[in-house]
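Enquirer: Coordinates for the following, if possible.
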Amino acid sequence: MLMDIKIGQMVFSKRGRDKGKAFVVMSVEGEYIFLADGQLRPLSKAKKKKLRHIQPTKREIGETGGLTDAGIRKWLAVMNQEEDI
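Expert: Here you go, the predicted model:
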């Protein structure tokens, strides 16, 4: 299963205790990706997850170079509100 996952892309967890939660992709290494949400999973403790356990979206945060935990939280909150509309 080959997915086109990009750094900075918004994804949802499909498995595990964090099922249904939104994350931002911080890095991709083989069949694993590292995710952060800025709250329970800050940039310093990114979540390692298999590619098959995530649902990618078309939304991207853009540049991740100067990204902070607060910036990720704010962006994810805005994206989740837009989906509710």
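
Enquirer: now this structure, which segments are flagged as low pLDDT?
Expert: Along the chain, segments meeting pLDDT under 70 span 1-3, 64, 83-85.

Enquirer: part of a strand, is Val25?
Expert: Yes - according to DSSP: H, G, I helix; E, B strand; the rest coil, Val25 belongs to a strand.

Enquirer: Now for the residue lying closest to it once chain neighbours are set aside, how many residues are close by?
Expert: Closest residue to Val25 apart from its sequence neighbours, by CB to CB, 6 or more residues apart in numbering: Gln9 at 4.8 Å. C-beta here means a position set from N, CA and C on the backbone, and glycine is covered the same way. Here the number of neighbours of Gln9 (other CB atoms under 10 Å) works out to 21.

Enquirer: Can you list the residue ranges for helices in this protein?
Expert: Taking DSSP state H as the test, the helices found in the chain are 69-84.

Enquirer: is the residue nearest to Val25 in a bridge, and if so with what?
Expert: Glu60 (DSSP bridges).

Enquirer: which residues does it contact?
Expert: The contact partners of Gln9, by CB atoms under 8 Å, 6 or more residues apart in numbering, come to Val24, Val25, Pro56, Thr57, Arg59, Glu60, Ile61.

Enquirer: and what of Pro56?
Expert: Here Pro56 is in contact with Met3, Asp4, Ile5, Gln9, Val11 (CB under 8 Å, 6+ apart).
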